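Colleague: okay, here's the prediction I keep looking at, along with the sequence it came from:
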Amino acid sequence: MSKQRLTAIALLVVLVASFTVLLSIGSEIYREKPPIPTAFTDSNGNAVMTQNDIEQGQLVWRSMGGHQLGSIWGHGSYVAPDWTADWLHREAQAWLDITAQQRFDRSFNELDSQKQAALEQALREDIRHNSVVTDANGNINISLSDVRIQAINQVSQHYLSLFGDDPKLSVLREQYAMKEATVPDLERRQQLNSFLFWGAWAAITERQGQDYTYTNNWPFDPQIGNTPTADNIVWSILSVVTLIAGIGALVWYHAAGKHEELPKPAEQDPLFLKKPTASQKAVGKYFVTAIGLFLLQILLGGITAHYAVEGQNFYGIPLAEILPYSVTRTWHTQLAVFWIATAWLGTGLYIAPALSGYEPKFQRLGVNILWAALVVVVLGSMAGEWIGVQQYFDLDTNFLFGHQGYEYIDLGRVWQVLLLVGLLIWLALVTAAIRPALKVKGEMRPVIWVLYASCVAIGLFYGAGLFMGKHTNLAIAEYWRWWVVHLWVEGFFETFATSVIALMLVRLGLIRARSANAAVLFTTVIFLTGGLIGTLHHLYFTGTPTGVIAWGAIFSALEVVPLALIGFEAIESYRMRNASPWMIRYKWAIMFFVATAFWNLVGAGVLGFLINPPIALYFIQGLNTTATHGHAAFMGVYGMLGVGLMLFCLRGLTGQIQWNEKLLKGAFWSLNLGLAGMVFISLLPVGITQFFAVLENGYWFARSPEVIHSPLVETLVWMRVPGDVVFSIGGLFLGAFLFDIIRKAIAAKNSKTILDTQVSANA
């Protein structure tokens, strides 16, 4: 059996085994999720809050921006608090003060250390106790002590004022970047409180028969007994061992392997003389749209970052009343997905006919219709999110057309379905164009099949987000959300990119087909071995059983293993830029591939592993360390790769048009240096500062205004400005480059028209 066939079998085994584990874990999450009770009751059995209150409260939370305004269970944005940690801290302080007054007629802070320790122990015994009771009819009731109900009422009053327009909390709202009357309706605010309390209850209530909570003792707060579990520590150590062993094995494999010499490039560019088909020409608008969305994303990123220092204001202008932080951050993160996906989808539509040499009937029409549909979804979903956050929709309409509240899949359900339909149309177009190439038994057949399989996965896996319904338990919603964010974006788009780049380089005669086959199959096996089950590292503390920690820790370590040798890929790509004189045409596409390799190592690898081990994530989930990894990996890897793929396709579309290399050079260095500046001068130092705050006072403190708006952190946020400015200039350079080639293309077309007219007249 050939080595290539063995690798293909290994890939199939990895896929089957990984999805078996993921679905098995998902089944366990369904069974062991934190229960939403029929009612929370007092000591007399009277309902304090009901299941309907909690479920409607979840819809209220989603309508105000959900993850985009603070976070729950550590997932979300970073300026407002983590509502879970904030609620628990406030409830604990209220419980201690109420009990101190009842027992000693003094406030808790006035007691001596012995009395304080005794009350803290009593607090833990009360709030950590699991009082879930299920009756014969399946109704779930959870009883709360009278003291705890009093404490809950105090916290509830604080949140009713905070999410309303109480002038006493206007300064706090400004620090949280919340607009006045975030949730104007009192009934909605009361329902919101029920949902926020339920999230806090799950984070402090021990699972039945266990000594850890539904969120595996997250968030860290020693006063209430939330400290790292044994699983958290043990599997973190084993993940580091796995990482070292995996890197060692891969280095050994790489050193022992046979490395073929690169082929001698052709005398002329193999792609230069090939004229683009009608559908390939139509793809050009995808790249124009992608750059337009990218520039808009940069603008919104600057506004969103500025809210971290001026709260509701933008250089003194009360912008938050018109564009709340939750809206600008929604658009900023969503546009990142949209512009990168648009560039990649355009690449798929361009490369499919190039591979097969076949232009299906009505392909150009399909490409144009799909582009129009994508524009409608982008603009429609953005408008719906703004309307939803402004609370103009009722809760049911908001779910359909407004803001779903889940980061990266914020768009309303109707827009979400339409986007899935668009992806299926894209898959149909790619299938129609690439079908002849799938039947040819050539050297590149395995890579073409890997490319097509990744296209199928891209088309279908976005649909995982539809498994979250209107009232889906948050633990289950997070499970399916990460199927989209991790598997769809980080998994199958990565496979698509690997195979596309290999095919491009083979077509240029820069690498051998046999080498490309072996490299793509092996890389895909290695990447997906860790990447699929590695999804679980996002779910350590989202109401999941401890088995998630074991699987996630080990396989997220394996995700980093192939990135350790990414430098070899970068060097090989860099050398290709001078392989032949005509390669100067592809220089900057190759350079963006080199940048992708660099950020894969630094952003996805180093900064990813910084937060991946359970013990690390336990303390720093939802701090700016997460944003550090997010920016470096998302823009550094997927963004740079999207630009590289776009430039490669534009090279074929623009023919003999002379490119402005200075603009591309400026774009390349500005984007990379600007990204490095914002990550290492601002985001990472802020995250480390918060890390110290967590260890010293608990997680709630690191997300509080005392830290977020401390002089040190605000100074570090301001230090982000140089990096942001340089990065923005890079985006403008890219936009100017695209405008320049469009201008030249129009001029060339007009010249040809004039020439044709003259020839006809002379004839």
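Modeller: Received, thanks.
Colleague: in this structure, which spans are strands?
Modeller: Secondary structure of the chain (DSSP state E): strands at 39-41, 47-50, 71-72, 75-76, 132-134, 140-143.
Colleague: longest helix in the chain, please.
Modeller: Counting residues, the longest helix found in the chain (DSSP state H) is helix 720-762.
Colleague: to residue 699, which of the strands of the chain lies closest?
Modeller: Across the strands of the chain, the minimum distance to residue 699, taken as C-beta to C-beta, is reached by strand 71-72, at 10.7 Å. In this view, the C-beta of every residue, glycine as well, is placed from N, C-alpha and C.
Colleague: and stretch 418-426, which residues are buried?
Modeller: Buried residues in stretch 418-426, counted by 16 or more other C-beta atoms under 10 Å: 418, 419, 420, 422, 423, 425, 426.
Colleague: could you dump that stretch to PDB, C-alpha only?
Modeller: Extracted in PDB, the C-alpha atoms of stretch 418-426 (Å, rounded to 0.1, in the frame of the first residue of the first chain):
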ATOM      1  CA  LEU A 418     -30.000  33.200   4.200                       C
ATOM      2  CA  LEU A 419     -26.200  33.100   4.700                       C
ATOM      3  CA  LEU A 420     -26.300  29.300   4.900                       C
ATOM      4  CA  VAL A 421     -28.300  29.300   1.700                       C
ATOM      5  CA  GLY A 422     -25.700  31.500   0.100                       C
ATOM      6  CA  LEU A 423     -22.900  29.100   1.200                       C
ATOM      7  CA  LEU A 424     -24.900  26.200  -0.400                       C
ATOM      8  CA  ILE A 425     -25.200  28.200  -3.600                       C
ATOM      9  CA  TRP A 426     -21.500  28.800  -3.500                       C
END
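Colleague: could you give the mean pLDDT of that stretch?
Modeller: If you average the pLDDT over stretch 418-426, you get 95.
Colleague: residue 663: what's it in contact with?
Modeller: 733, 734, 736, 737, 740 (C-beta atoms under 8 Å, 6 or more residues apart in numbering).
Colleague: pull out the buried members of the residues you listed.
Modeller: Counted by 16+ other C-beta under 10 Å, these give 733, 734, 737 as buried.
Colleague: I'd like to know which helix or strand in the protein has the lowest mean pLDDT.
Modeller: One helix or strand of the chain scores below all others by mean pLDDT, DSSP states H and E: helix 566-576, with a mean of 68.
Colleague: confidence score at residue 338?
Modeller: Confidence score, pLDDT, at residue 338: 94.
Colleague: pretty sure it sits against residue 375.
Modeller: No - assessed by C-beta atoms under 8 Å, residue 338 is found out of contact with residue 375, at 10.1 Å.
Colleague: could you check which of those two is surrounded by more residues?
Modeller: Set residue 338 next to residue 375 and count neighbours by other C-beta atoms under 10 Å: residue 338 wins out with 24 against 14.
Colleague: could you report the distance from the most centrally placed residue in the chain to residue 393?
Modeller: Most central in the chain under C-alpha atoms, centre = their mean is residue 485, positioned 5.3 Å from the mean C-alpha point. With distances taken as C-beta to C-beta, to the nearest Å, residue 485 is found 25 Å from residue 393.
Colleague: go on, residue 57?
Modeller: 16 Å.
Colleague: with residue 50 instead?
Modeller: When distance is defined by C-beta to C-beta, residue 50 is 23 Å away from residue 393.
Colleague: likewise for residue 239?
Modeller: Per C-beta to C-beta, residue 239 is found 43 Å from residue 393.
Colleague: also residue 358?
Modeller: From residue 358 across to residue 393, the span is 46 Å (C-beta to C-beta).
Colleague: between the two, point out the one with more neighbours.
Modeller: Per other C-beta under 10 Å, whichever of residue 358 and residue 393 has more neighbours is residue 393, with 19 against 16.
Colleague: closest to residue 23 among the buried ones among the contacts of residue 663?
Modeller: Here the nearest of those to residue 23, counting by C-beta to C-beta, is residue 734; it sits at 41.2 Å.
Colleague: residue ranges in the stretch 151-300 of the chain under the pLDDT threshold?
Modeller: 257-273 (pLDDT under 70).
Colleague: could you pull out the helices for it?
Modeller: Here the stretch 151-300 of the chain has its helices, by DSSP state H, counting those that start in this stretch, at 170-175, 186-204, 230-256, 278-282, 284-310.
Colleague: what residue ranges in this structure score low on pLDDT?
Modeller: 1-2, 257-273, 312, 490, 566-570, 573, 576-579, 751-763.
Colleague: go again using 50 as the cut-off
Modeller: The chain contains residues with pLDDT under 50 at 755.
Colleague: ok, the residue nearest to residue 388 when sequence neighbours are not counted - contacts?
Modeller: Excluding the flanking residues, the one nearest residue 388 by C-beta to C-beta, 6 or more residues apart in numbering is residue 402, at 2.5 Å. By C-beta under 8 Å, 6+ apart, the contact list for residue 402 reads 63, 384, 385, 387, 388, 389, 393, 412.
Colleague: got it, and residue 3?
Modeller: residue 518.
Colleague: switch to numbering from 56
Modeller: Shifting the count to begin at 56 puts that one at residue 58.
Colleague: helices or strands up against the longest helix of the chain?
Modeller: Here helix 775-817 touches helix 339-365, helix 695-709, helix 716-732, going by 3 or more C-beta pairs under 8 Å, 6 or more residues apart in numbering; DSSP states H and E.
Colleague: what number of residues lie near residue 802?
Modeller: Close neighbours of residue 802, defined as other C-beta under 10 Å, add up to 11.
Colleague: gap between it and residue 795?
Modeller: Residue 802 sits 11 Å away from residue 795, going by C-beta to C-beta.
Colleague: do residue 162 as well
Modeller: Applying C-beta to C-beta to residue 162 and residue 795 gives a distance of 69 Å.
Colleague: kindly report the same for residue 413.
Modeller: On the measure of C-beta to C-beta, residue 413 and residue 795 end up 32 Å apart.
Colleague: how about residue 202?
Modeller: Separation of residue 202 from residue 795 (C-beta to C-beta) stands at 70 Å.
Colleague: same thing with residue 385?
Modeller: Residue 385 is 32 Å from residue 795, by C-beta to C-beta.
Colleague: could you do residue 459 as well?
Modeller: From residue 459 to residue 795 the distance is 39 Å (C-beta to C-beta).
Colleague: cool, residue 423 as well?
Modeller: For residue 423, the distance to residue 795 - C-beta to C-beta - is 24 Å.
Colleague: so what touches stretch 724-734?
Modeller: 650, 653-654, 658, 662, 683, 686-687, 690-691, 694-695, 698, 775, 777-786, 788-789.
Colleague: swap that for stretch 358-373, please
Modeller: Residues outside stretch 358-373 that contact it (C-beta under 8 Å, 6+ apart): 133-134, 228-235, 374-376, 378, 380, 383-384, 387, 763-764, 769, 772-773, 775, 779.
Colleague: please pick the buried ones from those.
Modeller: By 16+ other C-beta under 10 Å, the contacts of stretch 358-373 give 133-134, 228-235, 374-375, 378, 380, 383-384, 387, 763-764, 772, 775, 779 as buried.
Colleague: which of the strands of the chain is buried the deepest?
Modeller: For these, the largest average neighbour count (mean count of other C-beta atoms under 10 Å) is found in strand 126-127, namely a mean of 26.
Colleague: which of the contacts of residue 457 lies closest to residue 168?
Modeller: Once C-beta to C-beta is applied, the member of those that ends up nearest residue 168 is residue 118, at 45.1 Å.
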